[in-house]
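*Asks:* Need a 3D model of the following:
(chains A, B, C, D, E, F, G and H)
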Number of protein chains: 8
Amino acid sequence: MNDIKSILNRVKCGALSVDDALLLLKKAPYEDIGYAKVDLHRRVVQGASEVIYGAGKTPEQITGIIDTMRKNGQKTILITRLSAGTAKKINAVCPLRYYETARIGITGEIPEPDGIGKIVVATGGTSDIPVAEEAALTAEFFGNEVTRLYDVGVSGLHRLLSHAEEIMSASVIIAAAGMEGALASVIGGLADCPVIAVPTSVGYGAGFGGISALLSMLNSCASGVGVVNIDNGFGAAVLASRINHMEAKA
Amino acid sequence: MNDIKSILNRVKCGALSVDDALLLLKKAPYEDIGYAKVDLHRRVVQGASEVIYGAGKTPEQITGIIDTMRKNGQKTILITRLSAGTAKKINAVCPLRYYETARIGITGEIPEPDGIGKIVVATGGTSDIPVAEEAALTAEFFGNEVTRLYDVGVSGLHRLLSHAEEIMSASVIIAAAGMEGALASVIGGLADCPVIAVPTSVGYGAGFGGISALLSMLNSCASGVGVVNIDNGFGAAVLASRINHMEAKA
Amino acid sequence: MNDIKSILNRVKCGALSVDDALLLLKKAPYEDIGYAKVDLHRRVVQGASEVIYGAGKTPEQITGIIDTMRKNGQKTILITRLSAGTAKKINAVCPLRYYETARIGITGEIPEPDGIGKIVVATGGTSDIPVAEEAALTAEFFGNEVTRLYDVGVSGLHRLLSHAEEIMSASVIIAAAGMEGALASVIGGLADCPVIAVPTSVGYGAGFGGISALLSMLNSCASGVGVVNIDNGFGAAVLASRINHMEAKA
Amino acid sequence: MNDIKSILNRVKCGALSVDDALLLLKKAPYEDIGYAKVDLHRRVVQGASEVIYGAGKTPEQITGIIDTMRKNGQKTILITRLSAGTAKKINAVCPLRYYETARIGITGEIPEPDGIGKIVVATGGTSDIPVAEEAALTAEFFGNEVTRLYDVGVSGLHRLLSHAEEIMSASVIIAAAGMEGALASVIGGLADCPVIAVPTSVGYGAGFGGISALLSMLNSCASGVGVVNIDNGFGAAVLASRINHMEAKA
Amino acid sequence: MNDIKSILNRVKCGALSVDDALLLLKKAPYEDIGYAKVDLHRRVVQGASEVIYGAGKTPEQITGIIDTMRKNGQKTILITRLSAGTAKKINAVCPLRYYETARIGITGEIPEPDGIGKIVVATGGTSDIPVAEEAALTAEFFGNEVTRLYDVGVSGLHRLLSHAEEIMSASVIIAAAGMEGALASVIGGLADCPVIAVPTSVGYGAGFGGISALLSMLNSCASGVGVVNIDNGFGAAVLASRINHMEAKA
Amino acid sequence: MNDIKSILNRVKCGALSVDDALLLLKKAPYEDIGYAKVDLHRRVVQGASEVIYGAGKTPEQITGIIDTMRKNGQKTILITRLSAGTAKKINAVCPLRYYETARIGITGEIPEPDGIGKIVVATGGTSDIPVAEEAALTAEFFGNEVTRLYDVGVSGLHRLLSHAEEIMSASVIIAAAGMEGALASVIGGLADCPVIAVPTSVGYGAGFGGISALLSMLNSCASGVGVVNIDNGFGAAVLASRINHMEAKA
Amino acid sequence: MNDIKSILNRVKCGALSVDDALLLLKKAPYEDIGYAKVDLHRRVVQGASEVIYGAGKTPEQITGIIDTMRKNGQKTILITRLSAGTAKKINAVCPLRYYETARIGITGEIPEPDGIGKIVVATGGTSDIPVAEEAALTAEFFGNEVTRLYDVGVSGLHRLLSHAEEIMSASVIIAAAGMEGALASVIGGLADCPVIAVPTSVGYGAGFGGISALLSMLNSCASGVGVVNIDNGFGAAVLASRINHMEAKA
Amino acid sequence: MNDIKSILNRVKCGALSVDDALLLLKKAPYEDIGYAKVDLHRRVVQGASEVIYGAGKTPEQITGIIDTMRKNGQKTILITRLSAGTAKKINAVCPLRYYETARIGITGEIPEPDGIGKIVVATGGTSDIPVAEEAALTAEFFGNEVTRLYDVGVSGLHRLLSHAEEIMSASVIIAAAGMEGALASVIGGLADCPVIAVPTSVGYGAGFGGISALLSMLNSCASGVGVVNIDNGFGAAVLASRINHMEAKA
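*Replies:* Numbers count the residues shown, from 1 in each chain, chains lettered A, B, ... in the order given. Purely as a prediction, here's the structure:
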């Protein structure tokens, strides 16, 4: 809102004509590169501008977006849902580190963790690890310390309970599970911090590609659990990172 | 099959005419009282002939079925899905004990338990108790010792774990839960006996009247879990009782 | 875990017999009043022990639970999903303040807000207010300052935008909306804080009792949005309150 | 109806026998080429006779239909859902312009726009562009001026608002969006013209191939929004074109 | 946008202080009466400000909204989804005409029709008439001439065909049908004007409260059909009215 | 088609003016009584004109339709989905026989059976009888001999097999069943005649109001089974009657 | 049943021992060839024994079944859901005619039609033809004369009406349609014979692979329509053939 | 629980320090090999530790898990959902027997049956055999005698009835069926032992990949039927084996 005030002040003192002011008030805060509106101001607002959703984009398109971002000062860039093949082609032009399990590519340095505490990323089984890694790497990318607790599903409760200390000392927990998705409820019952539940499409038959886990998590008898879309490790991590970077506003 | 052999033998020795034999082979093994075929031979086959499904039947119809059963030697009769009002009207004519929570009426003496071991009936919350009581009373009716573990849902795991001994020593466990239905998975992971999961229609919103719990239970990551219909405490108990009365056949 | 250590220490020094220690390790940390396990230790773990889920409980049951809670030192108690009729009957025995729109009853004093910042509760229309009020009162009950922004749905975007300042300065936002549930996406795009989306069952036809809004929110193109069950204002507030009380752990 | 009258008049005056009249009344107004009934009279009735639905048709079949249409005077022909491979094969025999993103082929000249005003085609993201292009090209084919507003989804509201002028001056707006489909509601709230919403199958998980967007659009809190099938850019454009060519009838 | 320019001009010439200008730019264009934001400027934008959605509002709330509207110059007001009981109570304070079948109340005079042509409202059966009447009255309220064609479902095709002239001469057609919803397709095939399809919740069993009709209409093989929510006669009429009032914009 | 020829002939010979012929060709073959188009010619076409769908109609409306039918020569009239209360009110004005279980009212004499053979109506349980009776009475109304085989569900296979002779000698079988709907498959496997399957809404939980039975019947592993809507005993009987009255056409 | 009588008679007269009789009564009336039970007696009962469901069977398995059938006197054999590749391999060993569109293979001569009348097979569009051809060829295989009416969907009603004579003179009609499936209702309204509706999986988006058409057909406002599974042309033809071969039974 | 007691005793007598005891109480009873937690203690608890879920695991991962298991004394190991290709690669390093139909690999000797009685595995058709073989081999692996009854679906009831003796003498029956899944109900009606129903994904159209069979089985009118997930032959066998190894506990 200060920007508007500053524009108005400049109009008042004659430093800005009415028409130019009108233009400024309407001018879109982004640069258009034809196939995508690269949203350079979004970082301030959303904290997500450094991110490229890779699915369905060609290597050329992704390279183009990276270039535009860099020209505008972005150094560290995260590309999600990136296939190994596309990553390889981008890498030839514009070097990046590729994390195959997570299907994530990163350019530039991941920042030092600066959050309130640690984010625990837990999975029910080994098949949930790709989604969990998408979440873990995204969280690290946004400046969080991450503890991974994989394959601690509720059918072998002692495995989960042997990690009670990590769970109790987490600032935020991301629980990724497919099949019946009970992990979120059990962790939600053990922990006193916010829990982000990520249903995964792991399973078969009446698992319905993650719907069973999704419904379980939405109906969790534990309070304090928020749910994101099936397989949406990225979204879970953005939410967890915002929580882990909470601070008082004036 | 012995019956067929006996009929054939009697035909062979002339004690039975061919037409009478034909008739016997086709004769329906039940007595028709107009509005319901009372299945008197079913006990041998199904072990469920003493049961009347009360929903949608008038007091007069139920009393009539009870009469027919008694004339054929049935003394102990279980009536399920019986409203308090209907129970009261039947009681005036034909005394029965009514269990309001379970919506069950019983005439005659419940037999001494003669199963292999104990059946544990567990629930996630207090709202699941009506379904659990339907299961527990049905199991007792069929000669099983029953241990009730109510309100031991997974959001307070210590409550469940404090009953680990009962769970470990059960012969069969019936786990009734609504909402996310995680109880079945957690118990399935703790126990080494057959687990019968009963989804209940407890919950709201995306619980979809028990569908969420049903899907969870079908997708349980614990093996050895069989699922019955939503709110079907009776069916769970019949299956549990059959398991608890297993014996070698020649 | 300290408790276990203390038990072990007492065993070591002979202050506790092995069998008594075994008993202590298994002893359930709750008091059983027959129809419900009042979970007195849960407060420490879950921060939700002062809450009674009122749906399906009789006035007598609720009064009984309140009594047990009070004997154990709980002074402020929240009862959700409480009908006006039940509230009136409880009030005769045990005075409470009843909030009809939210269907919430509260005994004792609501604490001073002690969270990091403010929680904004926004709704799309006037019909979503009951769910929003459940969330708002619950959040206040758990020590949060709450700003209400009701009837700011996206079909009249200027209404929402006129509150941009409240949205930008919130610590957590709860967005409750039925019908197409677009409010969560638009707020998620405007805000840089965690957003908890609550689909409501408001609408008709292809709204399917909140499913349309639920799916919209899960598929939100804005990152940083966590979703709870349909009409679950309470759960949204518990999660928001935990976020608003984040602090570093050792 | 005039045709019937003319037939009757000719019967009356003996210019036509009763049997021939009967035949004429029943004669199908189309030419049958074996594998498809080319509907030559449909243009008058439907304004869509120049269109071939390409999905599942062989290059030979499509070429055959084009030939028949041309023999009957059709010059400009639109082929939808046409793969690049099939287009190439047709082009060898019968030259056409192929629009790869839209998967559309066109033979002959696109007419000058003659509608009431402009049709705006807007999308939420870049992945919705193929559906939007199918709509835009179809609209142009039917004589409409089209303004494209792509990647203006609601998670970055300023991008959409910076185009408020185009939206306010449109005659009809086609809003294509996947994921949560909120674009239709927000545009529906800003505009005062008819809005045609096209859900796209863009998204994953609980997007369910466009169902989430479809439900959102059907439940839009903005009035004046009509919805077509998932990914049906063509249908949206036909409807928009009819609206943009409205005129008084006698 | 002119308003912004005028504000800027006044700032420039000193007629308006910067802070006042800032306030004006943010000032919400509505009057808040506590339980609902009466959107007085919306008429210009949406053409729907004179409408009150009556469902779930008390007589007192509706009367209050009417008062506020009238004070701001609104004379003709439409109240939808209004029960007979509520209408009666409102009528005692503030006279209105109540249309029971349509569940609509209207205060003030319905304007003379001023649209391009006629709107035909057709139904498949007699049970669809309430939805159709909601549409027809709403259309008349917004200044359209309406022709009603009720009970012309496709199972008796001659009934529909006998009205071919009305169908061919319509400017817009609203087709309301439940069960299998085929009416929209058949009319869509006969007509060359925009068709708005309204699925109704009429039917039983696998009609699923209108879902069967909704899917039929979305999948209509006739082009040029837009669909609204189940039973949403009002929304169909708003869209039809906008189409019937199309005019060129500068 | 003969009618058209006759009209043409009369035009030819001058017995009919062109305009009158045009009128006749368009004149709707029904009489309009305001709230319903009584379809008097439909009998010839559909064989169902004597039927009134009673659901949602007032006693006055039904009486009015009966009157119109009678004036046009209809003597025997079937009213389906008729509540006992409405039947009683109609009976006071216009005597009818009311069948409470089937919720059917009939005026006039049911005709002698004149079909090819017998129609067997079978049900799985006693709760399916209302739907079966709707089918049985409708079939009798249309001139068929009906054999009722009720409560012969597959869980007691001997009950069904004891009626093998009736099943083998049927011309058409209507199989009505709820729950898992297996009756249709088993009968379909035993019989060599057409089988019409009617899913009923009997059951609970995952029966989903008849969907489970509907899906079972559609997926029947027995060939030669046609399915109608849930609880649609009437429709099953109309189809069965048409089959039982098959005859060669010129 | 005569067989049982004959066995009994032979037991009576000593021509058969009791144990042999017991064996005979139980002996399975089929020959087991390891991977499939070829059901040789089924022809009498079901009229479908000459049919092989080809999906998922290897060429060797199908050839083996054909051999077994032939050894038992079957000459004409129908193989459904047969891929071109498999057909080719079978043809090398055991000549058959392959119908690619219908994916059907036939060995031996198709019999002369001997049904009551003609079966009309109609489709809504050209994409429905494969399902229709499966039905048409199956019907011919079972001795029926078939009239094909393809591409007569309701969006061009005149195409359908121009075939009114074929429709009126059919003995049974099979209506195959995808998308909104309205064809069944319109034909059901025109015809007075039994109509078998086959939903096809043709369409996209909210067609949901045939569900939309399936629901439409189940909810048809025309009586006398029976529905089979999606794409089940074979099943429709078996049912239609049974109807077309109806005859009186003693 | 004895372990805890032993730890406490050692603490008491000074043989174990408090901190070491604390560690022991928390030490996870499994060995971590990086990509999977091999659960060596699980055998005692679950009787399933010898099982590897092969889907989605590489040959190297499976070989690694086998090695770890063997080092810990496991000799007989079952690998489910194993593709032929993966099996071949494992076999080169670590010999196993591969059962292609069941997609199961086994290393080591299958034990002698030691259950109470026989487990019958029945299927409706030949396409259900893969699921049935997964169940049969798993049951044999866990020490059960298995009788296979394949292709005994209800559309040819005599085939099923000819095996009545096997059914009557089974200890547990596993019924695997797709399409309408009626097999479970019919077997459930014939047998007096526990029945485990496995819906298979066999079928097409409205079979919805096993949902139709799943719903049928959940709604079975026969009591004593427990259901597992679609295609979950393994889970059915684990449950059946537990039932067949029931014994009294102290």
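
*Asks:* Name all residues that make contact with A:Ser103.
*Replies:* One correction, residue A:103 is Arg, not Ser. A:Gly54, A:Thr80, A:Arg81, A:Leu82, A:Ser83, A:Pro130, A:Glu134 (C-beta atoms under 8 Å, 6 or more residues apart in numbering or on different chains). No exception for glycine: its C-beta is placed from N, CA and C like everyone else's.

*Asks:* What parts of chain A come near chain H?
*Replies:* Contact residues, chain A versus chain H (C-beta under 8 Å from any C-beta of the partner chain): A:126-127, A:151-152, A:155-156, A:158-159, A:162, A:164-165, A:204-207.

*Asks:* what about burial for those, which qualify?
*Replies:* A:126-127, A:151-152, A:155-156, A:158-159, A:162, A:204-207 (16 or more other C-beta atoms under 10 Å in any protein chain shown).

*Asks:* Could you break chain A into its assigned domains?
*Replies:* A:24-107, A:118-249 (automatic domain parsing).

*Asks:* from the residues of chain A next to chain H, which is closest to chain D?
*Replies:* A:Gly207 (12.9 Å; C-beta to the nearest C-beta).

*Asks:* My read is that the closest one contacts H:Asn229, right?
*Replies:* Yes - using C-beta atoms under 8 Å, A:Gly207 makes contact with H:Asn229 at a distance of 7.5 Å.

*Asks:* any common contacting residues for these two?
*Replies:* Joint contacts of A:Gly207 and H:Asn229 (C-beta under 8 Å, 6+ apart) are B:Asn219.

*Asks:* Worst mean pLDDT across the helices and strands of chain A, which element?
*Replies:* helix A:42-46 (a mean of 36; mean pLDDT, DSSP states H and E).

*Asks:* packing partners for the helix or strand just after that one?
*Replies:* Using DSSP states H and E, the helix or strand that follows helix A:42-46 towards the C-terminus is strand A:51-53. When contacts are defined as 3 or more C-beta pairs under 8 Å, 6 or more residues apart in numbering or on different chains; DSSP states H and E, strand A:51-53 sits against helix A:59-71, strand A:77-80.

*Asks:* For those, which has the smallest mean pLDDT value?
*Replies:* Lowest mean pLDDT within the helices and strands packed on strand A:51-53: helix A:59-71, a mean of 89.

*Asks:* Leaving out sequence neighbours, find the closest residue to the residue of chain A found nearest chain F.
*Replies:* Scanning chain A for proximity to chain F using C-beta to the nearest C-beta identifies A:Ala206 as nearest, at 10.8 Å. Nearest residue to A:Ala206 in three dimensions, chain neighbours excluded: B:Leu218, at 4.3 Å (C-beta to C-beta, 6 or more residues apart in numbering or on different chains).

*Asks:* residues in contact with the one you found?
*Replies:* By C-beta under 8 Å, 6+ apart, the neighbours of B:Leu218 are A:Glu180, A:Gly205, A:Ala206, A:Ser212, B:Val227, H:Leu214, H:Val227, H:Val228, H:Asn229, H:Ile230.

*Asks:* The fourth one and A:Met179: what is the separation?
*Replies:* Going back to what we said before, that points to A:Ser212. With distances taken as C-beta to C-beta, to the nearest Å, A:Ser212 is found 7 Å from A:Met179.

*Asks:* And for A:Ile77?
*Replies:* In terms of C-beta to C-beta, A:Ile77 sits 34 Å off from A:Met179.

*Asks:* for A:Thr68, same thing?
*Replies:* 42 Å.

*Asks:* Those two: who's more crowded?
*Replies:* Neighbour count, other C-beta atoms under 10 Å in any protein chain shown: between A:Thr68 and A:Met179, A:Met179 has more, with 33 against 16.

*Asks:* In this structure that one contacts A:Gly207, no?
*Replies:* Yes - counting by C-beta under 8 Å, A:Gly207 is a contact partner of A:Met179 at 5.8 Å.

*Asks:* Columns secondary structure and pLDDT on top of the buried ones among the residues of chain A next to chain H, output as CSV?
*Replies:* Conversion of those to CSV gives the following (DSSP: H, G, I helix; E, B strand; the rest coil; pLDDT from 0 to 100):
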residue, secondary structure, pLDDT
A:Thr126, coil, 89
A:Ser127, coil, 91
A:Asp151, coil, 90
A:Val152, coil, 91
A:Ser155, helix, 78
A:Gly156, helix, 76
A:His158, helix, 77
A:Arg159, helix, 80
A:Ser162, coil, 81
A:Tyr204, coil, 88
A:Gly205, helix, 88
A:Ala206, helix, 87
A:Gly207, helix, 87
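
*Asks:* is chain B contacted by stretch A:143-161?
*Replies:* Yes - Stretch A:143-161 reaches chain B (C-beta under 8 Å from any C-beta) through A:Gly153, A:Val154, A:Ser155, A:Gly156, A:Leu157.

*Asks:* next one: phi and psi at the nearest residue to A:Leu214 once chain neighbours are set aside?
*Replies:* Excluding the flanking residues, the one nearest A:Leu214 by C-beta to C-beta, 6+ apart is A:Pro199, at 4.0 Å. When read as degrees, to the nearest 10, the backbone of A:Pro199 gives phi -70, psi 140.

*Asks:* wait, A:Pro199 sits on A:Met217?
*Replies:* Yes - using C-beta under 8 Å, A:Pro199 makes contact with A:Met217 at a distance of 5.6 Å.

*Asks:* which neighbours do the two share?
*Replies:* Shared contacts of A:Pro199 and A:Met217, counting by C-beta under 8 Å, 6+ apart, come down to A:Gly181, A:Val227.

*Asks:* closest to chain C among the buried ones among the residues of chain A next to chain H?
*Replies:* A:Ser162 (11.7 Å).

*Asks:* Quick one: end-to-end length of stretch A:51-67, please.
*Replies:* Using C-alpha to C-alpha, to the nearest Å, the end-to-end distance of stretch A:51-67 comes to 13 Å.

*Asks:* hmm, who's touching it?
*Replies:* Counting by C-beta under 8 Å, 6+ apart, residues outside stretch A:51-67 touching it are A:33, A:35-36, A:38, A:77-83, A:86, A:89-90, A:93-94, A:103, A:105, A:107, A:234, D:126-127.

*Asks:* any chance you could map the helices in chain A?
*Replies:* Using DSSP state H, the helices of chain A run over residues A:2-12, A:18-26, A:42-46, A:59-71, A:84-93, A:129-141, A:157-161, A:164-168, A:183-190, A:211-218, A:233-244.
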